[in-house]
Structure formats: C-alpha cells, structure tokens
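Q: Coordinates for the following, if possible.
(2 chains)
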Number of protein chains: 2
Amino acid sequence: MTHVARELASQPDCWQRAAGMADGLAEQLPAAGERIAVVGCGTSYFMAQAYAALREGSGQGETDAFAASEFPAGRRYDRIVALSRSGTTTEVLGLLAQARGTTRRTVVIGDPDTPMAALADDTVVLDFADEKSVVQTRFATSALTLLRAHLGLHTDAVVEDAQVALAEPLPAGLVECGQFTFLGQGWSVGLANEAALKMREAALAWTEAYPAMEYRHGPISISTRSTATWMLGEAPSGLSDEVHATGARWVAGGLDPLAELVRVQRLALAIADARGLDPDRPRHLTRSVILSTA
Amino acid sequence: MTHVARELASQPDCWQRAAGMADGLAEQLPAAGERIAVVGCGTSYFMAQAYAALREGSGQGETDAFAASEFPAGRRYDRIVALSRSGTTTEVLGLLAQARGTTRRTVVIGDPDTPMAALADDTVVLDFADEKSVVQTRFATSALTLLRAHLGLHTDAVVEDAQVALAEPLPAGLVECGQFTFLGQGWSVGLANEAALKMREAALAWTEAYPAMEYRHGPISISTRSTATWMLGEAPSGLSDEVHATGARWVAGGLDPLAELVRVQRLALAIADARGLDPDRPRHLTRSVILSTA
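A: Model (predicted):
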C-alpha cells in the first residue's frame, strides 16, 4: 500500500480529531468580524479558497484567499491565516516575515519544529495529520475541517460521508476517461481546484476545474465522450443536461463536497495504478517547495 | 480568412482607438480611491482579473475581480464594473439588477442596444471592437486597453508590441506540442487564464494556466518534452531552469503581456488549422450564454 493510499484512508479519523480541537482554539483562530486573508501555496491555497468562502458566507467577516506569491501588497487585514503542511514554504515565510508587527499571523502547520512557527503569533499544529507523501491529502482536509468546525459548519455527517466515499466502488468507467473537469460553487470551487491538482500530481491526467457557472463560458468546448465532468455539491439548474449533450459523463457529487474530494483522491490513485505510476513518487515534485535565495 | 483571424489582426488599431477614449470617459470610469468590484464571465472575467491587479497595483484603490456567478453577496463596493461583449450574459444581468440603487454600476459593452445598458449607471460602448466570432479576441483586449489607459498605464509601445506579435513567425515547434501551460504574475495572471481559454475554445488543446510561482506547487508534474510552458511577462528567478529540467519547451514572453496574448491567439488558430478545426465554430459554444429562467 502506498503512503498516499494509507493517508487518504485515514481522513475520517483525522477529521474527527481536527474538528474536536476547534473549541479549544477559540483564542487562536479568527474572531467573528475580523477581516481575514487566508494564504497558502498549491493544495493549501485551494483549502484557503474553500475556507474563505465558508467564512464570509457564514457572515463572520470579509475573507479573501490568495496564493502567497500573489498577495496584494499594501492591502490591510486584521489577520493573515497561513496554511502550510511543511511549515517551510518559501513564499509563505516571506509573507509572514513582512507582516510582522502590523498584522496578526495565525499558522496551521503539520510540524511544530519549523521556521513558520517562529514567524507566527498563533500556531495550530495538526501533527497527527502530517504525511509522508509528497501528494497531500489528509493534512489539507483536516486543516479545512478544523476551520470549518470553528465556524460551526462541521457535523458528524461529513465524517460519515467520507466513510461512504472510502467504502463505495468508484463510478464505473471513470478510470478510462481521457479528460476530467471538476466544478464547484462557493466554497466547493476551492475543492474542485484541489481535486484537479490531485489528478495532475498523482495520475498525470488532463484535468480542469471551474466555478460551475463558468463552465458554459468556454471550457465546455473541450468536452467529448471521453470526458468526465464531476460536480462537487449541488449543481446549477440545467447544467447536467448541457454536459450530457456534449456526450460527456456527468458525475453528480451527492456527498458533502469534502467527502467528494476523497472520492476524487481515490480516483487519482486508481488511474495512477492503471497507468503504472507510483503516486508516492509524483513527477518533478518535492514535499515542500523551498526556493534558493538568489 | 476566418472572422476570428480578421478580428485578432485588428487589435493594434482597436487598442489605439480604445486608449484614445480614456480621457473623455473620466466621469464614467472609476475614480481613484473607490473600492471596486470588476465582474464578467469567461473571457471578460479574465480581463477583470487583469484590470483589478493593474488598478490596485497602481495605488488607485482596492479592486477585486469575480466571476459574476461567484460574487460574494453582501460585500460592499463603491462601484461594480461589468465587462460584457454581448451585453446579454445572464449572470451579469442578474448581478446588476440586484445592485440597483445601492452600488454604482458601470458597464463596458460591445453593443449599446442590449439589456445591460438599461441596468447601468454608466455605459461605455466599444462598438468598433465588437465581433462576429464566438471566440473573443479584440473586444476583450480593447476593453482592457481602455481601462489600462484610464489608469495611465497604456503606451504606444504596447501597440507596437502587438504589431510585432502579428508580424513575427510563431516559435518553431509550438504547434506540435501536446500540452500548453501559461504563467503570469500580478495582472498577467488574468492574461494567462485567457490565453488558456483561447487554446481550449479554438484549438481544443490541453491547456493550463497559473500564477507563475504556483506552477512549482504541483502543476509542474504534468510537464513533459511535449509541453510548452509560456511565461507572459517577466519570469520569476530560477523558473526557466526548472521547466527546462522537465524537458518542456520554455517560451519567454518578451513583449508586453497583452501583446503576448495576441501571439497565443495566433497559436490557437494555427493549431486549429493543423487539427482541421474551424475556429469560427467552436464546439458546444454560443456567442453569449443566455440561460433560461427555470
């Protein structure tokens, strides 16, 4: 069994544990009314997108998500929340160093013994969800679950859905598809982006991701009978008909969108297996991107 | 000659005309210091991203870009700027109707005789840049040029670069590549997204787009000797070396990023031609997305 297969299967347990931490972290995590920027790179950026939409949508305050490298210099926030499994990502470290003394900095990391902890005002460690894999699964989804629970938006039903996602067979025919498109709305847009990244990293597959309503504004043109279009969460009216009309396979994600992501993680491993790839050794990737300071 | 080929070739003239309008529109376009949301769908959304980064980066005020369907309900802006070639896009019309009486609404459209004009407080018409094509080129780039000129950021050098982009041969070997990735930083992230959309719509090609620094955080895994990785604008330190190490072709976009987009539009048509596609008839697309009200 690969590291990534073992780690993704542990998500229901990790989520329960992460959700259970939320009440004890009220002092460390964003207060209602604060204006927040959530930052990360790669997978962590997509979790930031999901959390930002959840938080603002629940009326807790303006919440923006940025790739750490694209943070708009000069914009003022009450707090920066940084997500980083490794605690070593160059762009996030640079941003936190710049914000010292002007903006409260909260970090959610997998390993307390990293440079990022020294650059934070509040440190949340999810060491039980840290991973051996290069390809992230449980750390990212556990961090999001903690933040979701802190907003009062996590329930046991999410964990049960994840168990279903792990137990049920994947929809027939998906592994054979040649192109995959993931769609979301609101907070599930970030999950759709992360679903696509898993498919690229682990399965080297042609994968796209969009806000669901944007799919009709151009991206639908690439759909064929070999495409799987997978909606995370409830679909906009009429969209499934338009996807069917292209000949593509429509996958209606009926589980909680975070549990749907677990199904996609499994699909990525199944495709890797079918293509003879080792998902523990993704091409051209390292566990953390640390740039040399030129 | 296809409509889209004729229209994309007219961009230097259209841009000059659009830039020349900026001084006369000081009353209609955003004032310095206003907090602005720029919205659109598809290509217009990507132009909104580019303009938002240009405006905020030039110190004119906070500027956010949203796909019209993902506008965060309840957030307050001084003004909404909507971009829409057709003036009929369902999601944009809905957003403008909701904002009536609470937020100033400025629209940039191709045809004055459309429902969007009736939902606007300020209407800017670029009828000379309207198009017959489904696949947008000159309307979008002319709208961005007008907005850029209004910020004082357009120069004749941009038009000259577009002329170079039209006159020079495309880099050898690009048409034969199997995968295309476009990278941007700051305002050119939106242009990279639009470059990718042209490749999908006109050439049905496997194409991705990212903020340049995000490319290392996962997406680089899909790169092979058959990939072209094309940077719009100046590249981050060390990135070209990492792309070369994957075997991929590195295209360093030395022109103004908007002129680089013209080169990509030409590449999309060249690939369509090589693949026997008619870029005037993109698959599954219509000129404007008008949804039935269920």
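
Q: Okay, domains of chain A per the record?
A: The record assigns chain A these domain ranges, following automatic domain parsing: A:3-154, A:157-274.

Q: any idea how far the residue of the stretch 151-294 of chain A found nearest chain B is from A:Val289?
A: Per Cβ to the nearest Cβ, A:His217 is where the stretch 151-294 of chain A lies closest to chain B, at 2.9 Å. The way it works is simple: take the backbone N, C-alpha and C, and place the C-beta from them, glycine included. The gap separating A:His217 from A:Val289 is 32 Å, by Cβ to Cβ, to the nearest Å.

Q: These two - which one has more neighbours?
A: A:His217 (25 against 22; other Cβ atoms under 10 Å in any protein chain shown).

Q: correct me, but that one touches B:Cys41?
A: Yes - look at A:His217 against B:Cys41 with Cβ atoms under 8 Å: they come within range, at 4.5 Å.

Q: Report the contact partners of A:Glu34.
A: A:60-61, A:78-79 (Cβ atoms under 8 Å, 6 or more residues apart in numbering or on different chains).

Q: circling back to that earlier point, how about the domains of chain A, which one is nearest B:Glu208?
A: Minimum separation from B:Glu208 across these (Cβ to Cβ) falls at domain A:157-274, 7.7 Å.

Q: average pLDDT across that closest one?
A: Here domain A:157-274 scores 97 as its mean pLDDT.

Q: end to end, how far does that domain reach?
A: 32 Å (Cα to Cα, to the nearest Å).

Q: same thing with stretch A:33-49?
A: OK, stretch A:33-49 end separation, Cα to Cα: 18 Å.

Q: Figure out how far it is from the centre of its chain.
A: 10 Å (Cα atoms, centre = their mean, to the nearest Å).

Q: got it, and stretch A:118-127?
A: 19 Å.

Q: Buried residues, that stretch. List them.
A: Neighbour-count burial for stretch A:118-127, counted by 16 or more other Cβ atoms under 10 Å in any protein chain shown, picks out A:119-120, A:122-126.

Q: Kindly report the same for stretch A:74-94.
A: For stretch A:74-94, burial by neighbour count (16+ other Cβ under 10 Å) applies to A:77, A:79-94.

Q: Give the closest residue to the residue in the stretch 51-200 of chain A positioned nearest to chain B in space, chain neighbours not counted.
A: Distances between the stretch 51-200 of chain A and chain B by Cβ to the nearest Cβ are smallest at A:Ser69, namely 3.4 Å. Nearest non-adjacent residue to A:Ser69, counting by Cβ to Cβ, 6 or more residues apart in numbering or on different chains: B:Met213, 3.4 Å away.

Q: Look at that neighbour and give its secondary structure.
A: Per DSSP: H, G, I helix; E, B strand; the rest coil, the local secondary structure of B:Met213 is helix.

Q: residue ranges for the helices of chain A, please.
A: A:3-9, A:11-21, A:43-57, A:90-99, A:115-118, A:138-150, A:156-167, A:188-203, A:239-245, A:257-274 (DSSP state H).

Q: Packing partners of the third one?
A: In terms of contacts (3 or more Cβ pairs under 8 Å, 6 or more residues apart in numbering or on different chains; DSSP states H and E), helix A:43-57 is packed against strand A:36-40, strand A:63-67, strand A:79-84, helix A:138-150, helix A:188-203.

Q: Next, count neighbours for A:Ala73.
A: Neighbour count for A:Ala73, taken as other Cβ under 10 Å: 9.

Q: Please read the previous query as pertaining to A:Gly184.
A: 29.

Q: Quickly list what it is bridged to.
A: With DSSP bridges as the criterion, A:Gly184 is bridged to A:Pro211.

Q: got the contact list for it?
A: Here A:Gly184 is in contact with A:190-193, A:209, A:211-212, A:231-233, A:257 (Cβ under 8 Å, 6+ apart).

Q: same question, A:Gln265
A: Each residue near A:Gln265 by Cβ under 8 Å, 6+ apart is listed here: A:4, A:8, A:137, A:198, A:202.

Q: Setting aside sequence neighbours, what's the nearest residue to it?
A: A:Leu8 (4.7 Å).

Q: pretty sure that neighbour is touching A:Gln136, no?
A: No - using Cβ under 8 Å, A:Leu8 is not in contact with A:Gln136; the gap is 9.7 Å.

Q: what's the first-to-last distance across stretch A:97-107?
A: 12 Å.

Q: same question for that stretch, mean pLDDT?
A: In this model, stretch A:97-107 has an average pLDDT of 97.

Q: any residues touching that stretch, and which ones?
A: For stretch A:97-107, contacts defined as Cβ under 8 Å, 6+ apart pick out A:28-30, A:76-84, A:87, A:96, A:116-117, A:119-124.

Q: Okay, buried residues for that stretch please.
A: In stretch A:97-107, counting by 16+ other Cβ under 10 Å, buried: A:99, A:103-107.

Q: Likewise for stretch A:134-154?
A: Buried residues in stretch A:134-154 (16+ other Cβ under 10 Å): A:134-151, A:154.
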